[in-house]
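**Student:** The following comprises the amino acid sequence and a computationally predicted model.
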Amino acid sequence: MTGEDARPPGGGGSPPDGKWSYFETEADIGVQGWGPTLPACFRQCALGVFNLMVPLEAVVPAESRELGAQGETPEALLVNWINELLYLHDVEGFAVRDVEMPRIEGGRLHTRLTGEPFDPERHPRGILVKAATFHQLTLVRDPGRVTARVVLDI
């Protein structure tokens, strides 16, 4: 699915500061996020990843978590951050409803996530995402729009 009106599996959507879509790759899946700024683009990528695992609309924003990451390049920062997000989901069992606009300074990123503990009785289980990869990773900055494509190992 591509395009500005693409709806990801599970009927999710995205707020007006950007969008996400999915693309198929050999044995994996990719997420493409875009927004007017680098933080907005990163946010959309994160929302797209979380929506694959548990539909965003099925999660209540009852709790919050703060999370940071670092990387030498914006591309490395994106992959490292998504992998930190996946770790939070896998280890703490935290299902995400929303991701605050991340603050990016130099090679560091910080954000707050809202959601709740994963409950198999209430939360439909989607695709198990193991990791974000550098395979076919792209980050394109155009005037007024930043687009990233990340392949996810499933």
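**Tutor:** Okay, I see it. Residues are numbered from 1 along each chain as shown.
**Student:** contacts for the helix ranked longest in the chain?
**Tutor:** As assigned by DSSP state H, the longest helix anywhere in the chain is helix 74-92. By Cβ atoms under 8 Å, 6 or more residues apart in numbering, the surrounding residues in contact with helix 74-92 are 38, 42, 45-46, 49-50, 53, 65, 67-71, 94-96, 102, 104, 107-109, 113, 117-118, 129-134, 137, 139, 148, 150, 152. (C-beta placed from N, C-alpha, C; glycine too.)
**Student:** for stretch 147-154, same thing?
**Tutor:** 23, 25, 27-34, 41-42, 45, 49, 52, 78-79, 82, 127-133, 135-140.
**Student:** centre of the chain versus it, how much separation?
**Tutor:** Distance of stretch 147-154 from the chain centroid (Cα atoms, centre = their mean, to the nearest Å) equals 9 Å.
**Student:** which residues of the protein fall in helices?
**Tutor:** Taking DSSP H, the helices of the chain run over residues 38-53, 74-92.
**Student:** Can you tell me which of those helices is packed in deepest?
**Tutor:** Using mean count of other Cβ atoms under 10 Å, the stretch among those with the greatest mean number of neighbours is helix 38-53 (a mean of 25).
**Student:** ok and it relative to helix 74-92, angle-wise?
**Tutor:** 40 degrees (axes from the mean of the first three to the mean of the last three Cα atoms, to 10 degrees).
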